[in-house]
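Enquirer: What follows is a predicted structure for the sequence shown.
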Amino acid sequence: MHTVITYGTFDLFHVGHVRLLERARGLGDKLIVGISTDDFNAQKNKQAFTSYEHRAEIVKACRYADLVIPEIDWEQKRQDILKYNVKTFVMGDDWLGKFDHLSDLCDVCYLPRTPNISTTLVKKVLSEKNYF
Ligand code: C2G
């Protein structure tokens, strides 16, 4: 079993998230997705539009996610990798280099971000059109 893991907020789920999960899943035969809790997002200075519960439910509904776990802090990655016998850790390349310290435990892979889409962009465009 080649288990892959990735982490994120996955707020306002969009095609950039889908394509990241699709490619991550394609690197193995099981994908675990750590969803940032609302408290952890506060540590990341991020305010998600949707709650942790809803973000987790949406990612669970994605065909590429085999298991969804809460991401509660920066430190849990090492214990998750050992607990789930993870072979590959994946993040988008906006995180390039930030998780190389995990390479003693597993492969660390940064995938190109999908261009022209982000949660920030979605929020900006919608707020400019007064949808909120
Ligand atoms: N992503 C992407 N293309 C986009 C937008 C996002 O490939 N257009 C990727 C990001 O690189 C990340 C994942 O989708 O790997 C989730 O993105 P976010 O929800 O923004 O995650 P982030 O807030 O960066 O949290 O411990 C790691 C953090 O929890 C990552």
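Expert: Yes, it's here.
Enquirer: Point me to the residue of the chain nearest the ligand.
Expert: Nearest to the ligand in the chain, going by CB to the nearest ligand atom, is G92, at a distance of 1.7 Å. From N, CA and C alone the C-beta is placed, and that goes for glycine too.
Enquirer: I figured that residue hits P112, correct?
Expert: Yes - judged on CB atoms under 8 Å, G92 makes contact with P112 at a distance of 7.5 Å.
Enquirer: Which one's more surrounded, the two?
Expert: Ranked by neighbour count (other CB atoms under 10 Å), G92 and P112 place G92 first, with 19 against 12.
Enquirer: Excluding covalently adjacent residues, which one is nearest to the more buried one?
Expert: R113 (4.6 Å; CB to CB, 6 or more residues apart in numbering).
Enquirer: hang on, the one you found in a strand?
Expert: No - applying DSSP: H, G, I helix; E, B strand; the rest coil, one finds R113 to be coil, outside a strand.
Enquirer: can you list the weak-confidence ranges in the protein?
Expert: 131-132 (pLDDT under 70).
Enquirer: Would you mind naming what in it lies close to the ligand?
Expert: Contact residues (CB under 6 Å from any ligand atom) of the chain with the ligand: 7-10, 16-17, 20, 36, 46, 71, 91-92, 94, 113-114, 117-118.
Enquirer: helix, strand or coil for the residue of the chain most remote from its centre?
Expert: Distance from the centre of the chain peaks at N130, with 28.5 Å (CA atoms, centre = their mean). Three-state call for N130 (three-state DSSP): coil.
Enquirer: Got a ChimeraX select line for the buried ones in the residues of the chain next to the ligand?
Expert: In ChimeraX, this line selects whichever of these come out buried by 16 or more other CB atoms under 10 Å:
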select :7,8,9,10,16,17,20,36,71,91,92,113,114,118
